[in-house]
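Could you look at this predicted model? Sequence included:
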Amino acid sequence: MIRGKVRGVGFRFSTVEVARDIGLSGWVRNLTAGEVEVLASGHPDALDRLENWLYRDPSVAGVTKVVATGIPYRESLDFQARPTVDSPDRFDNLTRD
């Protein structure tokens, strides 16, 4: 879950481009509460690169928090932007494994 100034700045499409460039698969979508949700799958080093990128680029965005959690590997061939969905009630219990 990505929080901060991440809506209306091309954040999803930049995330798709970066994730594809570093060999990740998965998706990114806006949530109605203003956050952006990313599901990314791939090599741990590539996942770390994506997380680092989320904090610093695109420069017009202002990420204040990345909440990450480990999930089982899901094989996919692409990384794509998905439509906006309703926000779940809480994300406070997510942790990174």
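Happy to help now that I have it.

Does the residue nearest the centre of the chain have any beta-bridge partners, and if so which?
The residue lying closest to the centre of the chain (C-alpha atoms, centre = their mean) is residue 38, at 3.0 Å. Residue 38 has these beta-bridge partners by DSSP bridges: residue 28.

What's the mean pLDDT across stretch 13-33?
Averaging pLDDT along stretch 13-33 gives 91.

Report the buried residues of it.
Across stretch 13-33, burial judged by 16 or more other C-beta atoms under 10 Å covers 14-16, 18-19, 22, 24-31. From N, CA and C alone the C-beta is placed, and that goes for glycine too.

what residues are up against the nearest residue to residue 84 once chain neighbours are set aside?
What sits nearest to residue 84 in space, not counting adjacent residues and going by C-beta to C-beta, 6 or more residues apart in numbering, is residue 30, at 4.2 Å. Counting by C-beta atoms under 8 Å, 6 or more residues apart in numbering, residue 30 touches 7, 12, 36, 37, 84, 85.

now, which of those lie within strands?
Of these, the ones assigned to strands by DSSP state E are 36, 37, 84, 85.

quick check, residue 4 in a strand?
Yes - assessed by DSSP: H, G, I helix; E, B strand; the rest coil, residue 4 belongs to a strand.

neighbours of the closest residue in space to it that isn't next to it in sequence, just the number please.
Leaving out its chain neighbours, the residue that sits closest to residue 4 by C-beta to C-beta, 6+ apart is residue 64, at 3.8 Å. For residue 64, the count of nearby residues is 10 (other C-beta atoms under 10 Å).

Identify each buried residue in the host helix or strand of residue 64, please.
Under the criterion of DSSP states H and E, residue 64 resides in strand 62-66. Neighbour-count burial for strand 62-66, counted by 16+ other C-beta under 10 Å, picks out 63, 66.

which residues of this structure score low on pLDDT?
By pLDDT under 70, the low-scoring segments of the chain are 58-59, 73-76, 87-97.

quick one, helices of it?
Per DSSP state H, the chain carries helices over the ranges 11-21, 44-56.

Distance to residue 78 for the ones you listed - can I get that in a markdown table?
Shown next, in a markdown table, are the helices of the chain (distance: least, C-beta to C-beta, whole Å):
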| stretch | distance to residue 78 |
| --- | --- |
| helix 11-21 | 8 |
| helix 44-56 | 15 |
